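Undergrad: Sequence first, then the predicted structure, then my questions.
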Amino acid sequence: MGASFDPQQSAEFDAYAHRYDELHKASIAASGEDPEYFAVYKQRTLERLLGASFSAPILDFGCGIGNLTRLLVGSFPTVHGYDPSSSSAKLAAERAPRAKFFDAIDTLPRGEYGAVVVANVLHHVPPAERAALLTTLHEVLAPGGRVIVFEHNPLNPVTRRAVAACPFDENAELLWPWEVKRLLRGARLEAIALDYIVFFPRALAGMRGLEPHMGWLPLGAQVCACGTKTG
């Protein structure tokens with residue numbers, strides 16, 4: 001497995017690790033929510049996608065400081081995390097001691113995972129390296145396993161403003177929704193599906209019950225896309 005993150009970006013995330021939540025919270029102030037809301041949103045989305053009986057190992061790829069990982073251990077029996085930033089991975093391990101962590105991509109077991117979650121990671125990967133990374137994720141999936149990608153939606157102007165305001169997104173290059181689907185297809189994944197998610201700020205929280213029925217509307221702040229390894 002040869003794909004990896006840009007070493008310069010890994011060093012940048014080492015520097016941001018202890019201030020990640022503070023910086024993230026400032027960048028998403030317009031939503032009225034804090035990072036915990038978005039982590040729980042992903043947790044609930046994954047519970048719906050994978051189902052209550054899901055028992056295969058799940059990998060939080062690019063787990064950062066473990067905001068999502070620590071929630072996943074409460075939803076699924078076997079959770080692993082990977083991040084190339086050793087400082088971030090160390091913090092994640094402290095926050096989610098029941099999970100197993102990796103900071104070297106070549107040490108990830110092949111053919112192991114029933115699901116690989118890639119949550120707001122791909123926009124930090126140089127475009128020329130994204131296809132190789134998805135191929136690597138195909139290799140670590142078990143047959144029938146799924147890659148589940150969460151990404152910012154550049155069709156949403158509030159999302160673009162939040163990314164522009166975030167220091168650790170300084171070098172990020174957002175992906176159009178159709179690019180996410182193309183990458184999943186290029187990695188020989190099938191049954192590709194994409195939904196738009198995260199529509200209403202806290203001021204309109206009373207309308208959030210509509211969101212599961214709005215996946216077709218390309219105004220969500222993020223997208224959730226998945227593809228399945230067959231054979």
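TA: Nice, I can see it. Residues are numbered from 1 along each chain as shown.
Undergrad: What residues are bridge-paired with the residue positioned nearest the centre of the chain?
TA: Computing the C-alpha centroid of the chain and ranking residues by Cα atoms, centre = their mean puts Ala119 first, at 0.5 Å. For Ala119, the beta-bridge partners under DSSP bridges are Phe150.
Undergrad: separation between it and Tyr41?
TA: 10 Å (Cβ to Cβ, to the nearest Å). For the C-beta atoms, the positions are set from N, CA and C on the backbone; glycine is no exception.
Undergrad: now Phe101
TA: To Tyr41, Phe101 is 23 Å away according to Cβ to Cβ.
Undergrad: same deal with Thr159?
TA: Taking Cβ to Cβ as the measure, Thr159 and Tyr41 are separated by 14 Å.
Undergrad: who's more crowded, those two?
TA: Thr159 (22 against 19; other Cβ atoms under 10 Å).
Undergrad: Thr78 is in contact with Ala56, isn't it?
TA: Yes. Thr78 lies in contact with Ala56 (Cβ atoms under 8 Å); the separation is 7.3 Å.
Undergrad: Mind naming the longest helix for this structure?
TA: For the chain, the longest helix by residue count, based on DSSP state H, is helix 35-50.
Undergrad: who are the neighbours of that one, in terms of helices and strands?
TA: On a contact count with 3 or more Cβ pairs under 8 Å, 6 or more residues apart in numbering; DSSP states H and E, helix 35-50 meets helix 20-27, helix 69-72, strand 113-119, strand 141-152, strand 222-228.
Undergrad: now that helix against strand 113-119, angle please.
TA: 150 degrees (axes from the mean of the first three to the mean of the last three Cα atoms, to 10 degrees).
Undergrad: Reduced to three states, what does the most far-flung residue of the chain relative to its centre come out as?
TA: Computed with Cα atoms, centre = their mean, the maximum C-alpha offset from the centroid of the chain is found at Gly206, amounting to 25.9 Å. Using DSSP: H, G, I helix; E, B strand; the rest coil, the secondary structure recorded for Gly206 is helix.
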